[in-house]
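**Student:** below: sequence and its predicted model.
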Amino acid sequence: MAIPYKKLLRPFKNIYVLILIVFLIWMLFFDTNSWLIHRELNSEIETLDDKKTYFEKEIKNDKEQIKSLSTEHGMEKMARETYYMKKENEEIYIVEYADSIPPKSKK
């Protein structure tokens, strides 16, 4: 049983339905505040929120490092571990394990 096309097109003969359809299409796709633009802006807001939480965490870690470096013991520890500095009449031995050394490339 085929549905006649006249029954399908009957709602589209009403001027109010046509205006409503044109208005919806315009608002969804062509307007400056369209749904597509809102979707892009929402995704940008999410990425910016992720970056914000990342940088807040980094700021917290940096503040903790600054706090630990403000003491004499913390500064000495960082100088010894990072820059291999030593006191007078002191020797430093650096121990490397076999799994931490990169393999030599064969030529």
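**Tutor:** On my side now, so go ahead. Residues are numbered from 1 along each chain as shown.

**Student:** tell me which residues of the longest helix anywhere in the chain are tucked away?
**Tutor:** Using DSSP state H to define each element, the chain has its longest helix at helix 35-69. The neighbour-count check on helix 35-69 (16 or more other C-beta atoms under 10 Å) flags nothing as buried. For every residue, glycine as well, the C-beta is placed using N, CA and C.

**Student:** show me what it is packed up against.
**Tutor:** Secondary-structure packing of helix 35-69 (3 or more C-beta pairs under 8 Å, 6 or more residues apart in numbering; DSSP states H and E): helix 72-83.

**Student:** the helix it packs on versus helix 35-69: what angle between them?
**Tutor:** Using axes from the mean of the first three to the mean of the last three C-alpha atoms, to 10 degrees, the direction of helix 72-83 lies 110 degrees away from that of helix 35-69.

**Student:** how about helix 72-83 as CSV, C-alpha atoms only?
**Tutor:** The C-alpha coordinates for helix 72-83 follow below in CSV (Å, rounded to 0.1, in the frame of the first residue of the first chain):
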residue,chain,number,x,y,z
GLU,A,72,69.5,25.2,53.1
HIS,A,73,69.0,21.5,53.1
GLY,A,74,66.7,21.5,50.1
MET,A,75,69.1,23.7,48.1
GLU,A,76,72.0,21.4,48.9
LYS,A,77,70.0,18.3,48.0
MET,A,78,69.0,19.8,44.6
ALA,A,79,72.6,20.9,43.9
ARG,A,80,74.0,17.5,44.6
GLU,A,81,71.4,15.5,42.7
THR,A,82,71.0,17.7,39.7
TYR,A,83,74.3,19.4,39.2
